[in-house]
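*Asks:* Build me a model from this:
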Amino acid sequence: MLKLISKLTLTCLLLLSAAASAHDARPLYLQIDELESATPAHHYLLKLQVPPSVDSSNRPYLILPDSCLREGAGLLLRVQCSESLASQVIGFQYPDFNPSISTLIRISFRSGEQYQTLLSPSESQWQVPTQIETGQVISDYTVLGIEHILIGWDHLLFLLCLLLISGTLKRTLITVSGFTLAHSLTLVLTTLGIVRLPIAPVEAVIALSILFLAAEIARGRSNSLAWRYPVAISLLFGLIHGFGFAAVLGEIGLPQTEMVTALLFFNIGVEIGQLLFIFSLIGLFYFLRRIPILPLPAIQQVMIYSCGALAAFWTIERIAGF
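*Replies:* Model prediction:
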């Protein structure tokens, strides 16, 4: 049995270490701003943000309408077009291979109109609309919220710890609801500019929150605050996790004419992602209980020690990066 647990521990640590940088994954982001011009031509500034998961040699090449001339190259360039980009098709192409990531495109016109879209990994072009669609904003930001929680390993490991310390399904749902309410509050306050915190210390405290819960679970002292009142812990640390969500949303940006809608449905997407993860874990534990050769308590112990080890590594790494 010890040999089995050792193998499980090694496998879990390798998988988590490989995914340790997954929280930094972002969609490919293209920002297009129309500039003031004294000529009939339309001038645009294009800014391309490539996520760390894409190798520098595989940065995408932008495909623009034939009416546009480029000035410069790289991640920041100016473009002069004889016609407006409204209703035109823009796209991109990877030189080596498609890394299977989403693409967020935002365009702002001199008139004040702003449009955006979230392209799936299989899509490589977009026809700029002439009118913003609320339905598209709802769809895009719900998907972004789901994607963010499911690629955010630190948030997922915190949810795993909440599940293990809550015990029953009822307590788990109450605890996760507290986490949702807390991170929703700081997400809204930060996005609206009411509260600001530097992101580096926030990321370090997020890692510490996982380490704290993992240590509490490993000790198994049922009379401690975390064991008796897990919802209080989820509320407290949920406030900190909300600043992390806000940092991601700040990088993505919000459509000015649909800010409330985008913020609401990003948060709904995060909640959907959380519930998908929680119920997947519950289903996994139910399945493991029915396999006598793999005792569930031993597997959960492997999980929690792996979470603690990874959280300790993140904490040191993030503090060192201040």
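*Asks:* and the residue lying closest to C68 once chain neighbours are set aside, what does it touch?
*Replies:* Nearest residue to C68 in three dimensions, chain neighbours excluded: C81, at 4.1 Å (C-beta to C-beta, 6 or more residues apart in numbering). For the C-beta atoms, the positions are set from N, CA and C on the backbone; glycine is no exception. Each residue near C81 by C-beta atoms under 8 Å, 6 or more residues apart in numbering is listed here: A41, H42, H43, Y44, L64, P65, S67, C68, L69.
*Asks:* Could I get the phi/psi values of C81?
*Replies:* phi -120, psi 140 (degrees, to the nearest 10).
*Asks:* Which of the contacts of C81 sits closest to T190?
*Replies:* Y44 (29.7 Å; C-beta to C-beta).
*Asks:* in the one helix or strand that closest one maps to, what counts as buried?
*Replies:* Taking DSSP states H and E as the criterion, the element that holds Y44 is strand 42-49. Buried residues in strand 42-49, defined by neighbour count with 16 or more other C-beta atoms under 10 Å: H42, H43, Y44, L46, L48.
*Asks:* quick one: the fourth one and A73, what's the gap?
*Replies:* Read that as L46. Distance of L46 to A73, given as C-beta to C-beta, to the nearest Å: 11 Å.
*Asks:* Which residue ranges of the stretch 1-150 of the chain form strands?
*Replies:* Ranges of strands in the stretch 1-150 of the chain, per DSSP state E, counting those that start in this stretch, are 28-35, 42-49, 61-63, 68-71, 76-81, 89-93, 103-108, 114-119, 125-127.
*Asks:* Longest helix in this structure, by number of residues?
*Replies:* If each helix of the chain is counted by residues according to DSSP state H, the longest one is helix 259-289.
*Asks:* chain center to that helix: distance?
*Replies:* Centre-to-centre, helix 259-289 and its host chain are 13 Å apart (C-alpha atoms, centre = their mean, to the nearest Å).
*Asks:* Point out the other helices and strands that that helix packs with.
*Replies:* With contacts defined as 3 or more C-beta pairs under 8 Å, 6 or more residues apart in numbering; DSSP states H and E, helix 259-289 has these neighbours: helix 134-151, helix 153-166, helix 169-191, helix 230-252, helix 296-320.
*Asks:* Out of those, which is the most enclosed?
*Replies:* Ranked by average neighbour count under the criterion mean count of other C-beta atoms under 10 Å, the helices and strands packed on helix 259-289 are headed by helix 153-166 at a mean of 24.
*Asks:* residues contacting the spatially most central residue of the chain?
*Replies:* Geometric centre of the chain, nearest residue: H148, 2.3 Å, by C-alpha atoms, centre = their mean. With contact taken as C-beta under 8 Å, 6+ apart, H148 is in contact with F245, V248, F266, G269, V270, G273.
*Asks:* Got the confidence number for A73?
*Replies:* As predicted, A73 sits at a pLDDT of 74.
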